[in-house]
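[1] Give me a model of this one.
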Amino acid sequence: MLRLFKKIITTGVVTEKCKVPKEDELERLGIQIKNHIDKNFSGSITIRAVDAGSCNGCELEIHALNNPYYDIERFGIHFAASPRHADVLLVTGPVSRHMQTALLRTYEATPNPKWVVAVGDCAACGGEFGVSYASCGAVSNVIPVDVVIAGCPPTPQALMKGLLGLMKG
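    Got it, this is the predicted structure:
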């Protein structure tokens, strides 16, 4: 036991420092989002994230939007557990055949007007999986997509920029 404590003390912290985005850039982006939401959406929009067969890399980045650093809720973007309360569907991954029906039902349950965002390269084009017996490929092969946010996985800032682009146009 003492050897373990000695090793811990002599080794110290070995993790790398996190590259933190410039705070002013994050705040500027957030303020732009907040201004669009206040002007056009009565103060908030609601997102429903849908995993259609991804590796969970994109989900980790989407969940990072809610952590204390990004705290996207302060800009008026909220996440909902039900598609019936959502304005935006964030869909990740290539659509696997067993998730095709669930994705269609989620899309139909989301009230109009609604937006669909394909998050990540797999959602955009099917990624390395493409179309096969087990995969429908891109999200756009199953439901209409309004915006694609590229990346494998896209960073939280890229997600925020994509949502801002969605609201602008």
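[2] So which elements touch the top helix by length along the chain?
    Criterion DSSP state H: the longest helix present in the chain is helix 23-40. Identification of packing neighbours for helix 23-40 by 3 or more Cβ pairs under 8 Å, 6 or more residues apart in numbering; DSSP states H and E yields helix 156-168. (Each C-beta comes from the backbone N, C-alpha and C, glycine too.)
[3] helices or strands next to the helix it packs on in the packing?
    In terms of contacts (3+ Cβ pairs under 8 Å, 6+ apart), helix 156-168 is packed against helix 23-40, helix 57-64, strand 115-119, strand 147-149.
[4] related to what we said a few turns ago, next, the angle from the longest helix of the chain to helix 156-168.
    Going by axes from the mean of the first three to the mean of the last three Cα atoms, to 10 degrees, helix 23-40 is angled at 30 degrees with respect to helix 156-168.
[5] immediately after helix 23-40, which helix or strand?
    Next helix or strand after helix 23-40 toward the C-terminus (DSSP states H and E): strand 45-51.
[6] Report the residue spans of the protein with pLDDT below the cut-off.
    The chain contains residues with pLDDT under 70 at 18-23.
[7] One more pass at 80, please.
    Within the chain, the stretches with pLDDT under 80 are 1, 12-23, 169.
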